[in-house]
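Trainee: Quick one, structure for this:
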Amino acid sequence: MPPPRSTFSCRAGRAAEPAFPGHGGGARGETRSRAPARLAAAAALVVLLVWALGCGKEKPAPAPGSGETPGGQPAADQVVVRHILVQYVGAQGTTADVKRSRASADSLAAALDKRLAAGEDFAALARQYSDDASAEEGGEIMPLQPGETPPDFERTAFALKPGQRSPVFESPYGFHIVERRNLERVAAQHILIRYRGAKSCPDSIQRVRAEALALAQKILERVSSPQASFPVAASIYSEDASAYAGGYLGSFMRGKMDPAFDQAVFALRDGEISGVVETPYGFHIIRRVKEENVRVCHILITHAGAEQPEGTQRGREEALQRARDVLFRVQKGEDFAALAREYSEDRNTAKNGGRLPLVNRGQMVPEFEEAAFSLRPGQAPAIVETKFGFHVVKRLY
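Mentor: Residues are numbered from 1 along each chain as shown. Here you go, the predicted structure:
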C-alpha cells in the first residue's frame, strides 16, 4: 500500500506500492494502533490477477496530472523523501497529545540530528519520535510534486541530492529533518513458506520452523532447474497472496521490504534466484526479474475439461495435436494472424489475429507468462498448456 498521506501534505493519495511478501498488506511489520486499519485498507488494494485470456484490458495510460508514470516510477519532477517531524504546542496541525514547547521541540530535533549523524537508523528514529502520520512507515511519504508541501519543506526536499539529509529546519508544522531517497528499484517474484509462530501465519498452517525450512530447500532445488518455471512453482507452493500472480510483487525501492528480503533481492541480478531467505513471515525464495512488458499474440485450442472450453467436445490429446498442426503451418510460413482468425477459440482476440493487450508480469496465468517473457521477438512460436487449453504463442516485441 502507499506510504501514508503526510500530516502537512495537501495531496490526495496516488499509486499504491506493492504489497509486502508475507501478509498481502503494508510493506513492513505493524507498529502503533493504526495498523489494523491500514491492513484492512491494504487488503482492499491487493489485485490478484489471474488473466482469463482475452477478457482483460490493457492498463490505461496514467491520467494527466495524476502524478503517475508508466511502470510505477516517480515522474521526473518528483522527489521521494522520508522525514521526521517534531511538533510543539501552537504549531499548525498539532494534535492534543503534543505537549512540548517550541524550545523543547527544537532541542529534540537537534538531538535526533546528532543521532542520525552518528549512524542511527532513520526509519527507527522516525517511528519512535516523529509526530507525522508517516511515522508508522519510517517517515516514508508518497512522491512529492512541486506545490504539494509548504514552501520551506519543498525548497529543502527538492534541493537535496539522492541519499542526502537536510539539517533541522522549521516550517509552520514544526521542526523537520528530511532525507531524499535513492530511487533504485527492483521487480521480483517470490515463494513464501510459512510456519506456526511466524508473523501473520494462519491457524491452518501447523508445520514447525524446521519443516518449513526443509520444504523451502526442496522447492529451491526444483526451481533452480533450467527447465523449471518460477511463476508456476509460486502458484503451486507459495503461501503468500501473490501466489495467484505467479509470486509477482511488482517493483519497489530499497527500504520497502523487510531488511533481510531487501538485502537479498537487491544483491541479485535480473533472472537470478536467491537462496532460502528468512524473514519474520517465514522462508522466501526470491527471483529478481526485469521490469518490462511484452506484446504477444496467441492461438488458443481448448478441450473438454479445460476452463471456458467454449462447448468443445474434443479431448486433450486431440487439442494438442490441433495446436501442433497450427504451429507447423506457422513454421512453414503461413500468416499467424490469419490462422488465429480461423482456429483460435479465444473469441476476444481471434478477430484481431490473436493479438493481446500489452502484457506485464503478474497479469497472466503463470504458464503463459513464463512463455511470453521467455520468447524473444521474432523467435519461433511455442506451444504452452494452461488451464484454458493449448496456446500457440508468438512474441511480437
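Trainee: And stretch 273-293, end to end?
Mentor: With CA to CA, to the nearest Å as the measure, stretch 273-293 spans 20 Å from end to end.
Trainee: my guess is residue 304 contacts residue 317, does it?
Mentor: No - using CB atoms under 8 Å, residue 304 is not in contact with residue 317; the gap is 11.1 Å. In this view, the C-beta of every residue, glycine as well, is placed from N, C-alpha and C.
Trainee: Of the two, which one has the most company?
Mentor: Taking other CB atoms under 10 Å, residue 304 and residue 317 do not tie; residue 304 has more neighbours (14 against 9).
Trainee: Can you classify the more buried one as helix, strand or coil?
Mentor: coil (DSSP: H, G, I helix; E, B strand; the rest coil).
Trainee: What is the neighbour count of the residue nearest to it when sequence neighbours are not counted?
Mentor: Sequence neighbours aside, residue 313 is the residue nearest to residue 304 in space, at 5.8 Å (criterion: CB to CB, 6 or more residues apart in numbering). Using other CB under 10 Å, residue 313 has 8 other residues around it.
Trainee: before we move on, what about residue 272?
Mentor: 12.
Trainee: sorry, back to before: am I right that the residue nearest to residue 304 is in a strand?
Mentor: No - with three-state DSSP as the criterion, residue 313 is assigned coil and is not in a strand.
Trainee: Touching, it and residue 305? I think so.
Mentor: No - between residue 313 and residue 305 there is no contact under CB under 8 Å: 10.7 Å.
Trainee: quick one: the helices in this structure?
Mentor: 35-45, 102-117, 122-129, 151-159, 209-223, 230-237, 259-267, 316-331, 336-343, 347-350, 366-374 (DSSP state H).
Trainee: okay, these in JSON lines with distance to residue 291 next?
Mentor: As requested, those are arranged in JSON lines below (distance: least, CB to CB, whole Å):
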{"stretch": "helix 35-45", "distance to residue 291": "20"}
{"stretch": "helix 102-117", "distance to residue 291": "31"}
{"stretch": "helix 122-129", "distance to residue 291": "24"}
{"stretch": "helix 151-159", "distance to residue 291": "26"}
{"stretch": "helix 209-223", "distance to residue 291": "20"}
{"stretch": "helix 230-237", "distance to residue 291": "15"}
{"stretch": "helix 259-267", "distance to residue 291": "13"}
{"stretch": "helix 316-331", "distance to residue 291": "30"}
{"stretch": "helix 336-343", "distance to residue 291": "28"}
{"stretch": "helix 347-350", "distance to residue 291": "25"}
{"stretch": "helix 366-374", "distance to residue 291": "11"}
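Trainee: Nearest approach to residue 393 belongs to which of these?
Mentor: helix 366-374 (5.0 Å; CB to CB).
Trainee: and the closest one with helix 230-237, angle?
Mentor: Inter-element angle recorded for helix 366-374 and helix 230-237: 160 degrees (by axes from the mean of the first three to the mean of the last three CA atoms, to 10 degrees).
Trainee: Give the buried residues for helix 366-374.
Mentor: Neighbour-count burial for helix 366-374 flags 366, 367, 368, 369, 370, 371, 372, 373 (criterion: 16 or more other CB atoms under 10 Å).
Trainee: which residues does the closest residue to the third one other than its chain neighbours bridge with?
Mentor: Same thing as residue 368. The shortest distance from residue 368 to any non-neighbouring residue, by CB to CB, 6+ apart, is to residue 386 (5.3 Å). Beta-bridge pairing of residue 386 under DSSP bridges involves residue 389.
Trainee: surely residue 386 meets residue 371?
Mentor: No - counting by CB under 8 Å, residue 386 sits too far from residue 371 to count as a contact (9.1 Å).
Trainee: related to what we said a few turns ago, output the helices of the chain in CSV, with mean pLDDT appended to each entry.
Mentor: Listed next are the helices of the chain as CSV, based on pLDDT from 0 to 100:
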stretch, mean pLDDT
helix 35-45, 27
helix 102-117, 97
helix 122-129, 94
helix 151-159, 90
helix 209-223, 97
helix 230-237, 92
helix 259-267, 93
helix 316-331, 93
helix 336-343, 93
helix 347-350, 89
helix 366-374, 85
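Trainee: To residue 284, which of those helices lies closest?
Mentor: It is, among these and with distance given as CB to CB, helix 259-267, at 6.2 Å.
Trainee: Not counting its own residues, what contacts that closest one?
Mentor: 21, 184, 186, 188, 190, 254-257, 274-275, 277-279, 284, 286, 288 (CB atoms under 8 Å, 6 or more residues apart in numbering).
Trainee: Just give me how far that helix sits from the chain centre.
Mentor: 14 Å (CA atoms, centre = their mean, to the nearest Å).
Trainee: what's the angle from that helix to helix 122-129?
Mentor: 150 degrees.
Trainee: Give the buried residues for helix 259-267.
Mentor: 261, 262, 264, 265.
Trainee: Stretch 202-220 now?
Mentor: Buried residues in stretch 202-220 (16+ other CB under 10 Å): 207, 212, 213, 215, 216, 219, 220.
Trainee: Among those, which pair sits farthest apart?
Mentor: So, these by CB to CB: farthest apart are 207 and 220, at 16.5 Å.
Trainee: what ranges do the strands span in the stretch 51-200 of the chain?
Mentor: Ranges of strands in the stretch 51-200 of the chain, per DSSP state E, counting those that start in this stretch, are 81-86, 169-171, 174-180, 185-193.
Trainee: May I see the buried residues of the shortest one?
Mentor: Neighbour-count burial for strand 169-171, counted by 16+ other CB under 10 Å, picks out 170, 171.
Trainee: Could you list the low-pLDDT ranges of this structure?
Mentor: The model of the chain has pLDDT under 70 over residues 1-77, 309-310.
Trainee: Tally up the residues packed near residue 229, please.
Mentor: Counted with other CB under 10 Å, residue 229 comes out at 19.
Trainee: quick one, what contacts it?
Mentor: Contacts of residue 229 by CB under 8 Å, 6+ apart are 366, 367, 370.
Trainee: sorry, back to before: right, so of the strands of the stretch 51-200 of the chain, which gets closest to residue 162?
Mentor: strand 174-180 (5.5 Å).
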